[in-house]
Every structure is written in structure tokens, then in C-alpha cells.
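Visitor: Build me a model from this:
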Amino acid sequence: MHKIITLSSWVLITLLFLQPGVAHKGAIEGMRIFTTALLPYLLPYLVITQMFIRSQNTFLKTQNKFKLYINIFLLSAIGGFPSGAAIISSLKEMGTLNNRNASWLLAICHAPSPMFVIGFVGINIFQAEISGLKLLIIIHVVNFLFLLVFIILSPAIQMNVETTKLSSSPFQESIKETSQILLLIGTTVVFFTTVSIIVFESIKEILPSISPLLLVFVASFFEMTGGISLAGEILSGKAMLPVIVALIIAFSGISIHMQIIVLAQKAGISIRKYLLFRILHVILIPTIFYFVA
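Guide: Numbers count the residues shown, from 1 in each chain. Next up is the predicted model:
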């Protein structure tokens, strides 16, 4: 694994050296995506939810596993990724969730925000708001079914023994936690957008006749939003566009995975189930959407 990382690093360093202009273009595009598409929505939501879960509200302070897990699912569904992972990791650190519960919820409560799917994907990419709504419903129905199975089979709630003290200043702590989360998100988005554009432009130069569809997958592999935008440009009007976009969202992109993995590791949450469920999403979401759309 270390050899792969080392080799990849040297390849990227070489590409950065050979294409400084492209790297600059990628960094600017990453900053644009973060500041215009992510920050305005994530900032207020993260502050509010972080303050909410620190207020010892009965919404999240219950031994009833149905109530607790469904409430966490609802908060994650409203915020979208990586807000759901931020909530779960915070609850794990506070002692509301133990290692096992947090690991399962991290895997299950993974979905894009409603604003992104209905607004950006539905209206801008599909040119049909209803199509974006259908895709969002499919994602949440699949996740909710997994959640119900988990709730039914899971044992009674056992809070983490290493619980933290009640917060004396929920707002101040929520601001501090949100700033760290946003720094993580911003860094990964800018970095992987830059890498995506560098690799994208390099492949086009080396293989000028490469299939546009392969270029879409290259861009989407690193950063989801940029990949969806490219898919909308290259595949506009084609019947395969909805399924390709559903596949991109189901995979989510390395940028989002790294955000969630870092948040999980910070709280000591296993990511094995998370990785397994991403494979299941890639198989289920596009397949169901193909028949429904």
C-alpha cells in the first residue's frame, strides 16, 4: 500500500511540474466548487446540527434504538454527505454511540443532500426536477431498508462508557468543530479537483481519441460534482445520462470518501462496513433508477 501511495505521489508531482497552468486551473475550480456550491449550504447546517447534538436534546438522548437511529438517519438525510458522517463521529466521541453502532450508521446514513440532487442534478443536469426527486427517493429508500434491518437485528443500545461531559458552551464548541470539518472538506475538494483536472487533461493529450464516457469516469473517480458537470456537458440529451449520473452519485468520488474516512478515523470508527455499502450502492442505485426513470 505504501509503495502504491509513493508511486502515485511521484506521478502527481511530475504532472504538477509539467502542467503548472493546469494545476492552477484545477485549484481555482476546486475553490469555486467549495465556496459557491458547498460552503453556503454546509456552514449553517453544520453549526446548527453540531450545536443541536451538544444541547443534550432528548431527540438524540434516548435508549430507544428505533427512535435514536431513525433520528440520526433523518439528520443525515437532510444534511447529506459528509454532514451525516460529521454527526455520527461527533455522537461517537460524545459517547451517544459505541463503535459498533457508529460503524453501521456511517455505512447506512450516506446520501447526497436534497438541494444537490433535486436542484443541481435534477434541474441543471437532467433538465427535469422530478428525475432528481426520483433519484433522491431511491437512495433514501435503499438506505432506510438497510437501516430497518440493522435496527431489528441490533442489540439494545449500549452507550459508550467513555462519555464526555456535558457541553458548557454548545455554540462555541459547534463553531470550533464546524471550522475543522469545513477545513477538511475544503482541502479535499480543492486537492482532488486539481488532481482530477490534471489527470483529465493528461489523458486527453496522450489519448486524444479516448471515449468521452471514459473521461467522465476519470473526472468522477476523483471528485463527484465535477464529474457530474462533465457528464451533463458530454452526454447531454443521451439516454444513458441519468444512469451514468446515478452511478457517479452512488460511487461519490474519492474526495467524499476521504472526507468521511478522516472523520471516522478521528472518532475511532471502523470503515469496513462503509466501504462494503459503497459497493452495494454502486450496484443497486443505478440499477433501480434505470427501471424507475
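
Visitor: Secondary structure class of the residue nearest in space to the middle of the chain, three-state.
Guide: Residue closest to the mean C-alpha point of the chain, counted by CA atoms, centre = their mean, is Phe81 at 3.7 Å. Of the three states, Phe81 takes coil according to DSSP: H, G, I helix; E, B strand; the rest coil.

Visitor: For it, give its distance to Val149.
Guide: Look at Phe81 and Val149: by CB to CB, to the nearest Å, they are 21 Å apart. Where you see a C-beta, it was placed from the backbone N, CA and C, and this is true even at glycine.

Visitor: Quick one: residues contacting the residue nearest to the centre of the chain.
Guide: By CB atoms under 8 Å, 6 or more residues apart in numbering, the contact set of Phe81 is 110-113, 252, 256, 259-260.

Visitor: For those, give me JSON lines that also has secondary structure and pLDDT.
Guide: Below are the contacts of Phe81 laid out as JSON lines (DSSP: H, G, I helix; E, B strand; the rest coil; pLDDT from 0 to 100):
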{"residue": "His110", "secondary structure": "coil", "pLDDT": "94"}
{"residue": "Ala111", "secondary structure": "coil", "pLDDT": "92"}
{"residue": "Pro112", "secondary structure": "coil", "pLDDT": "90"}
{"residue": "Ser113", "secondary structure": "coil", "pLDDT": "85"}
{"residue": "Ser252", "secondary structure": "coil", "pLDDT": "91"}
{"residue": "Ile256", "secondary structure": "helix", "pLDDT": "91"}
{"residue": "Gln259", "secondary structure": "helix", "pLDDT": "89"}
{"residue": "Ile260", "secondary structure": "helix", "pLDDT": "93"}
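
Visitor: of the residues you listed, buried ones?
Guide: Among those, the ones that count as buried by 16 or more other CB atoms under 10 Å are 110-113, 252, 256, 259-260.

Visitor: Could you dump these into JSON lines with distance to Ile271 added?
Guide: Shown next, in JSON lines, are the buried ones among the contacts of Phe81 (distance: CB to CB, whole Å):
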{"residue": "His110", "distance to Ile271": "11"}
{"residue": "Ala111", "distance to Ile271": "17"}
{"residue": "Pro112", "distance to Ile271": "19"}
{"residue": "Ser113", "distance to Ile271": "21"}
{"residue": "Ser252", "distance to Ile271": "13"}
{"residue": "Ile256", "distance to Ile271": "13"}
{"residue": "Gln259", "distance to Ile271": "12"}
{"residue": "Ile260", "distance to Ile271": "8"}
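
Visitor: between the residues you listed, which is closest to Gly186?
Guide: Gln259 (9.9 Å; CB to CB).

Visitor: Check what pLDDT the residue nearest to the closest one when sequence neighbours are not counted gets.
Guide: Take Gln259 and drop its neighbours on the chain: the residue closest to it by CB to CB, 6 or more residues apart in numbering is Pro82, 4.4 Å away. You'll see Pro82 listed with a pLDDT of 84.

Visitor: Could you count how many residues lie near Pro82?
Guide: 29 (other CB atoms under 10 Å).
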